[in-house]
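*Asks:* Return a 3D structure for these sequence lines:
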Amino acid sequence: MTAGPRGRLFGKNVLEGMFRAAPDEDLFLGELLVGVDDATGRRYLFRVVDVTYGTEHREPGWAERVAGTMLADDARGEAGLHPLHESGRRTYRVASCRCLGYLTPPDDRGDRTFRKPKSLPTQFSRVVAPEPDDVAFLRARMGDLGIGHLRSGETVVDVEVGIPGHSLATHVGIFATTGMGKSNLMKVLAGGVLRAGG
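*Replies:* Coordinates of the predicted model:
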């Protein structure tokens, strides 16, 4: 994960966020992003749950007509005959996100605390990719039975994910639809228990 501007936050509520990104910004479901609130010093962690297209053009059916014109140009072998004027300004992507919580500003020792989402970041805050310090708090919260690594969209992050081994002595429910990895998780858990000597 590398830090860099990905977009600007523009709305929703405490638990949800929406941000606008450039039309060519490659966003993935499940990707972790950070809303940087320069006014408070907080860093809000978001997970992308949906990505849609947006446009500043208000004429109904505009995008559909532009696509139709381009398609007709393609069919005639004249691709590019009707280029979109100022496409970087007129079109964009919108990411809908779930707020996971926020990191407080550094204390006297430079440490940040992760807190549940209870406030909004400042409107139009920058959205960036997480830095290693943004997910460092997770290492202290993981259990002794490793089950894999954290994922951010299609990227594997260098943070091992685990559960407390003692929790397996109680009832545990794993709920998901077919093909979501329940059986594989059981194999990983069994392998972890064997490696840990029971």
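*Asks:* Next one: residue 16 from residue 148, what distance?
*Replies:* 27 Å (Cβ to Cβ, to the nearest Å). Using the backbone N, CA and C atoms, a C-beta is placed for each residue, glycine as well.
*Asks:* now residue 30, what's its secondary structure?
*Replies:* The three-state assignment at residue 30 reads coil, by DSSP: H, G, I helix; E, B strand; the rest coil.
*Asks:* can you check the one 10 residues further on too?
*Replies:* Three states are possible here, and by three-state DSSP the one that applies to residue 40 is coil.
*Asks:* Please give me every residue in contact with it.
*Replies:* Residue 40 sits next to 105, 121, 122 when contact means Cβ atoms under 8 Å, 6 or more residues apart in numbering.
*Asks:* Report the helix or strand with the lowest average pLDDT across the protein.
*Replies:* One helix or strand of the chain scores below all others by mean pLDDT, DSSP states H and E: helix 87-90, with a mean of 79.
*Asks:* need the next SSE after that one, C-terminal direction.
*Replies:* Per DSSP states H and E, the first helix or strand lying C-terminal to helix 87-90 is strand 91-103.
*Asks:* Name the residues of that following strand that are buried.
*Replies:* If you call a residue buried by 16 or more other Cβ atoms under 10 Å, then strand 91-103 has these buried ones: 91, 92, 93, 94, 95, 96, 97, 99, 101, 102, 103.
*Asks:* show me the contacts for the last one.
*Replies:* When you say that, I think you mean residue 103. Applying Cβ under 8 Å, 6+ apart, we find residue 103 in contact with 42, 43, 45, 112, 113, 114, 115, 134, 137.
*Asks:* how about the strands of the protein, start to end?
*Replies:* Assigned strands in the chain, in chain order: 5-12, 16-21, 32-37, 42-55, 91-103, 114-115, 126-128, 145-152, 155-163 (criterion: DSSP state E).
*Asks:* quick one: strands adjacent to the fifth one?
*Replies:* Pointing back at strand 91-103 there. Using DSSP bridges, strand 91-103 pairs in its sheet with strand 16-21 (antiparallel), strand 42-55 (antiparallel), strand 114-115 (antiparallel).
*Asks:* Pull out the buried positions in the second one.
*Replies:* Taking 16+ other Cβ under 10 Å as the basis for neighbour counts, the residues of strand 42-55 that come out buried are 42, 43, 44, 45, 46, 47, 48, 51.
*Asks:* Turn these into CSV, columns for distance to residue 71 and pLDDT.
*Replies:* Listed next are these as CSV, based on distance: Cβ to Cβ, whole Å; pLDDT from 0 to 100:
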residue, distance to residue 71, pLDDT
42, 46, 96
43, 43, 97
44, 40, 97
45, 40, 96
46, 35, 97
47, 35, 96
48, 29, 97
51, 23, 97
